[in-house]
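I would like the atomic coordinates for the input below:
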Amino acid sequence: MNGCEARGVKAFLLQWFNALGFETRGTTVVLPKSYCKYTPKTVLEHVYFVKGAFETYGEFFMGDPHGREVIIIFKSGSKKLARSLRLLGFSPLETTDESGASRYLVLYERPDVRRFVKLIKPVVEEAHIAKALGLCPQR
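Numbering: from 1, shown residues only. Next up is the predicted model:
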């Protein structure tokens, strides 16, 4: 392989990568070597980098549906992602699973979650999450 692999890519992005001529296998995309060392430089590049990372590795999580507390979990402990989040003014918590094998980045403070939704504009697929984030107008 001459490049690097991005695993766990969502279906709609796989179609896009295929259309651009990138090799895909299942939910994995093989990227050219020039993309593997990408480092965002401008604020806008950091925003798009975080948005892409969220679409690939991120999810909203609401442990208690009655508590209405939403957190954002990135299933990646990438130092580059943590740096981009910090440069954009977020305070990510770097953590691991119980075994210490998998690293995660978590945004759990309410102002960070609100600002993330406003700045990054992620896709919110679940209605109860959208409602908890205040994205659904009240009738």
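
make it CA atoms for all contacts and neighbour counts henceforth
Noted.

and this structure, what are its domains?
As given by automatic domain parsing, the domain ranges for the chain are 1-36, 39-132.

which strand or helix spans the closest residue in space to residue 93 that isn't next to it in sequence?
The shortest distance from residue 93 to any non-neighbouring residue, by C-alpha to C-alpha, 6 or more residues apart in numbering, is to residue 106 (5.0 Å). Counting by DSSP states H and E, the element that carries residue 106 is strand 103-107.

quick check: mean pLDDT of that strand?
Taken as a whole, strand 103-107 has a mean pLDDT of 95.

please apply the same query to stretch 14-29.
Mean predicted lDDT for stretch 14-29 stands at 88.

cool, and stretch 72-83?
Mean predicted confidence for stretch 72-83 is 92.

middle-most residue in this structure, spatially?
The structure's the chain has its C-alpha centroid closest to residue 54; by C-alpha atoms, centre = their mean the separation is 1.3 Å.

if we can go back for a sec, save the domains of the chain as JSON lines, and put in distance to residue 138 too.
Converted to JSON lines, the domains of the chain look like this (distance: least, C-alpha to C-alpha, whole Å):
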{"stretch": "domain 1-36", "distance to residue 138": "31"}
{"stretch": "domain 39-132", "distance to residue 138": "9"}
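
in this protein, which spans are helices?
11-19, 33-36, 43-57, 79-87, 110-120, 127-132 (DSSP state H).

and the domains of the chain, which is most packed in?
domain 39-132 (a mean of 16; mean count of other C-alpha atoms under 10 Å).

pretty sure residue 102 is touching residue 94, no?
No - under the criterion of C-alpha atoms under 8 Å, residue 102 is not in contact with residue 94, lying 10.9 Å apart.

overlap in contacts of those two?
residue 77 (C-alpha atoms under 8 Å, 6 or more residues apart in numbering).

do you know how far residue 56 is from residue 8?
Going from residue 56 to residue 8 by C-alpha to C-alpha, to the nearest Å gives 6 Å.
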